[in-house]
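> Pasting the sequence and the predicted coordinates here, then a few questions.
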Amino acid sequence: MCGMPLNNASYDLNIRFKTLPKIPVILQFNDADEIFPAKSMFFFHDDAVQYLDLKSLAGITTYLTGLLIS
């Protein structure tokens with residue numbers, strides 16, 4: 001799975017993944033520094049729940065996390 005980098009100076013890594021039609025996932029990641037620990041977040045558009053339930057959306061992020069780790 002490949003992603004499209006997004007321009008956002010607030011994050012070390014900001015990528016949009018096209019997981020399913022009409023359901024993109026945005027990953028925002030900041031690496032650890034002297035003050036803050038590393039942190040990552042996944043975001044869906046507000047209308048994603050019109051296409052899939054929350055359990056399915058959570059499954060997408062779990063699967064995507066596994067792909068990114070391996």
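Yep, it's here.
> Provide a list of residues in contact with the spatially closest residue to K22 that is not a sequence neighbour.
Excluding the flanking residues, the one nearest K22 by C-beta to C-beta, 6 or more residues apart in numbering is Y51, at 5.8 Å. In this view, the C-beta of every residue, glycine as well, is placed from N, C-alpha and C. Y51 is in contact with L20, K22, I23, counting by C-beta atoms under 8 Å, 6 or more residues apart in numbering.
> Can you report how many residues lie near the first one?
For L20, the tally of surrounding residues (other C-beta atoms under 10 Å) stands at 13.
> Skipping its backbone neighbours, what lies nearest L13 in space?
F29 (4.1 Å).
> surely that neighbour meets S10?
No. Checked against C-beta atoms under 8 Å, the pair F29 and S10 is beyond contact range at 11.0 Å.
> Of those two, give the one with the bigger neighbour count.
Applying other C-beta under 10 Å to F29 and S10 shows that F29 carries more neighbours, namely 15 against 7.
> in what helix or strand does that one lie?
strand 23-30 (DSSP states H and E).
> Mind checking what helix or strand follows that strand in sequence?
strand 39-44.
> what packs against that following strand?
strand 23-30, helix 54-69 (3 or more C-beta pairs under 8 Å, 6 or more residues apart in numbering; DSSP states H and E).
> Quick check: D47 is in a helix.
Yes. Under DSSP: H, G, I helix; E, B strand; the rest coil, D47 sits within a helix.
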